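Q: need coordinates for the following:
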Amino acid sequence: EELLRLQSRLIAKAQGASEAEIESAARINEVLYAIAMEKGGEAKLRAKAEKAFRAWAKDEPSMKGLDRKAIESAADQAVAQLISPWFRTFLSLDPALYLSRVGSPVLALNGSKDLQVPADENLAAIEAALALVPGGPDAKNAIVELEGLNHLFQHAGTGSPDEYARIEETFAPEAMAAIADWIQGL
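A: From the prediction side, this is the model:
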């Protein structure tokens, strides 16, 4: 949940959203995430989330220019993702629990322009979780931030997902080299 909050803010900012728009989206996301974390059947959660989304959309300036059909479509799309088993699991999953049990060397890579999984927060959390492995972290662990790369390990301008399809590079050579070097060093 923490990652999604940060991801939403960073991507919105990179896409030119105003601070007011970012705060408004953060407020509805908090409400929707709380609903997704509730116990209950899909129909109950869907109805509750749709009601919350529609109430937000009614007063949200960025939704004012949209017709009812577009708002309904946005609500359907947001709620369908929100109540999916995958998303509900993602919200509640704590990767640190699993990382703290890893018994083999770990290579953790992040691009410095990754807005979906921001490098500073992600790599620090991975390092902290690996420090909890019984017996201490493996000496062959490597935590690496790759400068200028996005979530897909492409050289990027802003790191926004909007750029992904426009970038011709498939996978940065330095990311591949970091992986190969680490494997060869095992």
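
Q: only C-alpha atoms from now on, for both contacts and neighbour counts.
A: Fine.

Q: quick one: which helix or strand includes Pro134?
A: Secondary structure from DSSP states H and E places Pro134 outside every helix and strand.

Q: just Gly65 next, same as before
A: Secondary structure here is read from DSSP H and E; on that basis Gly65 sits in neither a helix nor a strand.

Q: out of everything not next to it in sequence, what's closest to Asp76?
A: Leaving aside its sequence neighbours, Asp76 sits nearest to Glu50 (C-alpha to C-alpha, 6 or more residues apart in numbering; 7.4 Å).

Q: how many neighbours does the one you found have?
A: 19 (other C-alpha atoms under 10 Å).

Q: so it, which of the three states?
A: Here Glu50 takes the helix state, with states given by DSSP: H, G, I helix; E, B strand; the rest coil.

Q: may I have the helix or strand containing Arg27 as PDB, with CA atoms only?
A: Arg27 is located in helix 19-37, with elements delineated by DSSP H and E. Taking Å, rounded to 0.1, in the frame of the first residue of the first chain, the C-alpha atoms of helix 19-37 are listed here in PDB:
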ATOM      1  CA  GLU A  19      -0.400  19.400  -6.300                       C
ATOM      2  CA  ALA A  20      -4.200  19.800  -5.800                       C
ATOM      3  CA  GLU A  21      -4.800  17.000  -8.300                       C
ATOM      4  CA  ILE A  22      -2.200  14.800  -6.600                       C
ATOM      5  CA  GLU A  23      -3.800  15.300  -3.200                       C
ATOM      6  CA  SER A  24      -7.300  14.600  -4.500                       C
ATOM      7  CA  ALA A  25      -6.100  11.400  -6.100                       C
ATOM      8  CA  ALA A  26      -4.300  10.400  -2.900                       C
ATOM      9  CA  ARG A  27      -7.500  11.000  -0.900                       C
ATOM     10  CA  ILE A  28      -9.700   8.700  -3.100                       C
ATOM     11  CA  ASN A  29      -6.900   6.100  -3.200                       C
ATOM     12  CA  GLU A  30      -6.800   6.000   0.600                       C
ATOM     13  CA  VAL A  31     -10.500   5.400   0.700                       C
ATOM     14  CA  LEU A  32     -10.400   2.800  -2.100                       C
ATOM     15  CA  TYR A  33      -7.400   0.900  -0.600                       C
ATOM     16  CA  ALA A  34      -9.200   0.800   2.800                       C
ATOM     17  CA  ILE A  35     -12.200  -0.800   1.100                       C
ATOM     18  CA  ALA A  36     -10.100  -3.300  -0.800                       C
ATOM     19  CA  MET A  37      -8.500  -4.400   2.500                       C
END
